[in-house]
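**Student:** Any chance you could fold what I've pasted below:
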Amino acid sequence: MVLMATVLLVIAVAFNAMSGGIFLSPENLYNIAQQTAVVGILATVMVLIIVARHIDLSIGSVLGFIGVLIATLMYSYNWSWPTAALAGLATAIAVAMYQGYLTAVIGVPSFVVTLGGLMSFRGAAFLVADGRTQPITNEFFLRLGGGYNGAIGVTASWVLGLLMCAALVWWKISQRRARQAYGVPTNAWWVDSLMTAVPLVIILAFVATMNAYQIPNKESAQGIPIPVLIWIAVALGVSFLVHRTRFGRYVFAMGGNPDAAALVGIPVRRVMLMLFALLAVLTTIAAIVSIARLNAGTNSLGTNMELLVIAATVIGGTALAGGSGSILGSVLGALIMQSIDSGMLLLDVPIGWRYVIIGQVLIAAVVFDVVYRKWTGELQ
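**Tutor:** Numbering: from 1, shown residues only. As a prediction, the model looks like this:
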């Protein structure tokens, strides 16, 4: 994590120098945070999919299909947005159960199942609206995608930031006391204090940056964008599942050794179906944020999204062989991806070269992972 955070910092400083200070401006950082949200939401669950030794190549197409379906129900059939969202969620779960059944029960490799889904659901996205763009007009719904009114404001941002700081301090103190109570060795107090102070500074700096951005002709600054709040909530929720529930432990056990996991009584098939259901829920959330941000549902929504999500996950340190990965890593991976893309955009790098560079960054991340695991003895 420290290495990835250092890489992100180096990227930010380098692009800031090359762009004449534009990269680290509040406006650009606000846009990076907002633009990373959808990839970040999907990357949190892609971590678990890959940890469990599977992959989902259809995630972008399913996002497009669900997004267009929700937009069509709202625009063409005058459904309220909560009802349309629930219909989208039900459809996403049905898709996930179909793909999950083929993978977990029938035994078809997830690569093959989701590769077929990549093509099929891209076609379904076109068929739902007959290829027509479905505009979104509901003002409240549009806030979920960010934009002019899609942030919580300065005061609420500071309150939320301070609450997060208080929760972090309480968690660190509780963790230290619990270790002491059970006789587990603890770090020196100054080490724990430093390890607590660093994320506190990051949280407060993030809030200050979001509050520093003000859209021209608007009375007050934006504050934290709603898509970023959704991303934070998703990341915390999935982290809780990973670290505090049997489901999370089962997923990592299955990724470490599927046969051993089955032999010790872990319900492998059921856990995989639950994992695909979680994927459906987060894909629906990402689809809602996407169409709200674009103000419309289009059949091209989510194109190449699966590549960006997998890249962010792998750059974040998740091993493609399965068994290891972290939610925080996916957050950093998504930010690294978006920072590189944003920096190249500021420098007017042609889109062709942007794809080339991002692709090579992905390869470099995988090479580093393989070399590191061989060096540590994890890989023979």
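
**Student:** Tell me, how many residues neighbour the closest residue to L229 other than its chain neighbours?
**Tutor:** Closest residue in space to L229, ignoring its immediate chain neighbours: I152 at 6.9 Å, by C-beta to C-beta, 6 or more residues apart in numbering. (C-beta placed from N, C-alpha, C; glycine too.) For I152, the count of nearby residues is 18 (other C-beta atoms under 10 Å).

**Student:** Wait, I152 touches I226, no?
**Tutor:** Yes: I152 is within contact range of I226, at 6.7 Å (criterion: C-beta atoms under 8 Å).

**Student:** what pLDDT, on average, does the helix or strand hosting F140 get?
**Tutor:** Assigned by DSSP states H and E, F140 belongs to helix 139-143. On average, the pLDDT along helix 139-143 is 93.

**Student:** elements contacting the next helix or strand after it?
**Tutor:** Counting by DSSP H and E, the next helix or strand C-terminal to helix 139-143 is helix 154-181. Helices and strands touching helix 154-181, by 3 or more C-beta pairs under 8 Å, 6 or more residues apart in numbering; DSSP states H and E, are helix 189-212.

**Student:** Show me where this structure dips below the pLDDT cut-off.
**Tutor:** 1, 377-380 (pLDDT under 70).

**Student:** Centre of it to the edge, which residue is at the far end?
**Tutor:** Distance to the chain centre peaks in the chain at G183, reaching 36.9 Å (criterion: C-alpha atoms, centre = their mean).

**Student:** so how far is F276 from I32?
**Tutor:** 30 Å (C-beta to C-beta, to the nearest Å).

**Student:** These two: which has the busier surroundings?
**Tutor:** A direct count of neighbours by other C-beta under 10 Å for I32 and F276 places F276 higher, at 24 against 17.

**Student:** Help me confirm that that one comes into contact with Q99.
**Tutor:** Yes: using C-beta under 8 Å, F276 makes contact with Q99 at a distance of 6.3 Å.

**Student:** so what's the residue most central in space within the chain closest to, chain neighbours aside?
**Tutor:** Residue closest to the average C-alpha location in the chain (C-alpha atoms, centre = their mean): G40, at 2.0 Å. Once flanking residues are discounted, G40 sits nearest to A334: 4.2 Å by C-beta to C-beta, 6+ apart.

**Student:** in what helix or strand does that neighbour lie?
**Tutor:** helix 327-346.

**Student:** And the strands in this structure?
**Tutor:** Using DSSP state E, the strands of the chain run over residues 134-135, 296-297.

**Student:** Save those as TSV, and put in distance to V169 and mean neighbour count too.
**Tutor:** What follows is the strands of the chain, written out as TSV (distance: least, C-beta to C-beta, whole Å; neighbours: other C-beta atoms under 10 Å):
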stretch	distance to V169	mean neighbour count
strand 134-135	46	18
strand 296-297	42	24
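
**Student:** As a markdown table, these with distance to Y250 would be great.
**Tutor:** As requested, the strands of the chain are arranged in a markdown table below (distance: least, C-beta to C-beta, whole Å):
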| stretch | distance to Y250 |
| --- | --- |
| strand 134-135 | 39 |
| strand 296-297 | 35 |
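
**Student:** Fine by me, we can end here.
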